[in-house]
Structures are given as structure tokens and as C-alpha cells.
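K.L.:
Next comes the sequence, and after it the predicted model I'd like to discuss.
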Amino acid sequence: MDLKLDPDDLNSCVQCGLCLPHCPTYRVTGDEAMSPRGRIHLMREVHLAGAPVTGEVIRSFETCVQCRGCEPACPSGVPYGHLMERTRETLADAGEITPRWQRIAMMPLANPRLLQVGSRLLAVAQRLKLVPGRFGLSTIIPLRQDPLRTSGRDVLMFTGCVMDAWQRDVHLAGQRVLEAAGFGVMPTGDLAPCCGALHSHAGLAANTRSYA
């Protein structure tokens, strides 16, 4: 399968393994396929050798958190983040990852009001123990949150989508610290509701560019 990758970028990895201690998924699993080196090997197999895109290959690519912690440790300067972004974008375009239900579920991210309503419903469902454990939802979503206020224009605080809906207390704490230091704070709110990061992780490049 053509992953639309530059062979020179793929071949710049010399498989030295200096990235391994810096990869959170490798440190947790100890699985070579869950490391930057292992994922680049799979990219080579699929892109250059025509290997099939199996469930294990998909799992390896999807579990990368794209923190890019491996890049500063790489002596060859492999553009790992770019390789992973392009791989996910190509697989999403081909329908290999990010199924339709997931794309629909991500639509409210750019609509603050819809996201707030959905979050409230999810918060109620959590308390009624209606959220399946397989969702892996560790955050307890609040039923009610204090509003963010504008106190000046010294600092523009990007509030984002899920962060503002589920963990606004972090924004409020940040605002208190800034105001205590003498800065006026203006939350972005509806002006910039989503940065597109979740869409980027899902391989939805067009959405990412429109929100960023």
C-alpha cells in the first residue's frame, strides 16, 4: 500500500534503538511494535515491501500518542512525527482507521454548545453507571462548571474543546494564577473552540487544517 511517505525519510532510521526509552507506549508494553523503531519498520514493510495492513499493524499505528519524545533522542533526525501523521492520514482516507461512527462522534468538538450538552448527558450516564468500561473513560465529567470570565486582554487563554467541557477547573486555576500575577485574561471561548489535535491523531487532515 502506498502510504505517501518519502523513502528517504523512512530509510533515515538506522534502527539504533535510542528512541526506545523515550517512548511511553514502549515503556508500558515492552513491545517492539509499540516503539518508534518498530512502527517505522512496519511503515517500511507496508510502503516499500507491499505487506498487508493487518489488525496488528493498525493497532501499532493507532496506539502512538504522537508526543514526539523520540525525535530529540534520534541521532539521525528521523521526522517521526511527520511520518506518523502522513501514515494515519493515508489510512484514514483509505477507510482503514477512523470509522464513520468515530468521525460522527468528533463533530461536536468544533461546536461548544453541542459539546457541552453532550458532556452533560455523558456526565449523567457516568453517575448512573451506564458508560461501558471498555470506553476507558477515566475522567469524571462534571455536571456543573463555573464560567470563565474576561478580566482583561493581557493574556489570551486558549480554552479548547474537550478540555473546557471536561476539565474547566484547570482553566479556572490558571486564570487565578495569572490574575494574581497582575495579568488580565481573555478566554478564547467560541472564537477558537478546537485546535484540531484530536482530528490530527485520527488522520483527519482536512479537519485539522480547518480548525488549527
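P.N.:
Thanks, I have it.
K.L.:
from here on, contacts and neighbour counts on C-alpha atoms
P.N.:
OK.
K.L.:
helix or strand for R103, which one?
P.N.:
According to DSSP states H and E, R103 maps onto helix 100-105.
K.L.:
cool, Y26 as well?
P.N.:
Short version, using DSSP H and E: Y26 is in helix 24-29.
K.L.:
could I get that helix in CSV with only the CA atoms?
P.N.:
Extracted in CSV, the C-alpha atoms of helix 24-29 (Å, rounded to 0.1, in the frame of the first residue of the first chain):
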residue,chain,number,x,y,z
PRO,A,24,5.7,5.9,26.5
THR,A,25,3.9,3.1,24.7
TYR,A,26,7.1,1.0,24.5
ARG,A,27,7.9,1.7,28.2
VAL,A,28,4.4,0.4,29.2
THR,A,29,4.2,-2.6,26.9
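K.L.:
Name the residues of that helix that are buried.
P.N.:
Within helix 24-29, the residues that qualify as buried are P24, T25, Y26, counting by 16 or more other C-alpha atoms under 10 Å.
K.L.:
residues making contact with that helix?
P.N.:
With contact meaning C-alpha atoms under 8 Å, 6 or more residues apart in numbering, helix 24-29 is reached by L20, P21, E32, M34, S35, T63, C64, V65.
K.L.:
which of these sit farthest apart?
P.N.:
P21 and T63 (16.5 Å; C-alpha to C-alpha).
K.L.:
And the lengthiest helix in the chain, what's buried?
P.N.:
When the chain is parsed with DSSP state H, its longest helix is helix 112-127. By neighbour count on 16+ other C-alpha under 10 Å, the buried set for helix 112-127 is P112, L115, Q116, S119, R120, L122, A123, Q126.
K.L.:
go on, stretch 182-200?
P.N.:
Those would be 183-187, 189, 192-197, 199-200, for stretch 182-200 by 16+ other C-alpha under 10 Å.
K.L.:
Any stretches of the protein with poor pLDDT?
P.N.:
Low-confidence segments of the chain (pLDDT under 70): 133-136.
K.L.:
which residue sits farthest out from the middle of it?
P.N.:
G182 (33.0 Å; C-alpha atoms, centre = their mean).
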